[in-house]
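Q: I need the structure of the sequence given here:
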Amino acid sequence: MQIPLQITIRDVAQSEALEAQIREKAAKLESFHARITSCRVTVEELHKHHHQGREFRVRVDLRVPGNEIIVDRNHDEDVYVALRDAFDAAKRQLEDVVREQRGHA
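A: Numbers count the residues shown, from 1 in each chain. This is a model prediction of the structure:
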């Protein structure tokens, strides 16, 4: 990655495990596209007055030459499920970009 991974965590208890999970998932994305120029991950707990329980939002902004991938995922109760879903979606989109760039669209 040309720009170091940027992690922003809002309204969620700071956790080394959460940050480690984000770093691990971001590193795996590089195995699908070696020219990722930047990756920003935002994790936040949403505050909804009418919603009971907790809801988390994970946003992944990924840039590769010629493309920008933005994924937004929300999940009730489990920040790790939201994280998994967001990175899975980013991986699928990244694979699509690689296929397009190789001319196999």
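Q: average pLDDT for the lengthiest helix in the chain?
A: For the chain, the helix reaching the highest residue count under DSSP state H is reported as helix 79-102. Across helix 79-102, the average pLDDT comes to 91.
Q: next: stretch 43-51.
A: For stretch 43-51, the per-residue pLDDT averages 74.
Q: quick one: neighbours of the closest residue to Pro65 other than its chain neighbours, just the number.
A: Take Pro65 and drop its neighbours on the chain: the residue closest to it by CB to CB, 6 or more residues apart in numbering is Arg35, 5.7 Å away. C-beta here means a position set from N, CA and C on the backbone, and glycine is covered the same way. Counted by other CB atoms under 10 Å, the residues lying close to Arg35 total 12.
Q: over to Arg35. Which of the three states is it?
A: Under the three-state scheme (DSSP: H, G, I helix; E, B strand; the rest coil), the conformation of Arg35 reads as coil.
Q: roughly how far does it sit from Phe87?
A: Going from Arg35 to Phe87 by CB to CB, to the nearest Å gives 18 Å.
Q: how many neighbouring residues does Gln14 have?
A: 7.
Q: likewise for Ile69?
A: Count around Ile69 with other CB under 10 Å applied: 21.
Q: that one contacts Leu94, correct?
A: Yes. Using CB atoms under 8 Å, Ile69 is in contact with Leu94, at 6.2 Å.
Q: joint contacts of these two?
A: Common neighbours of Ile69 and Leu94, counting by CB atoms under 8 Å, 6 or more residues apart in numbering, are Leu62.
Q: so what's Leu5 up against?
A: Applying CB under 8 Å, 6+ apart, the residues near Leu5 are Ile22, Arg23, Ala26, Cys39, Arg40, Val41.
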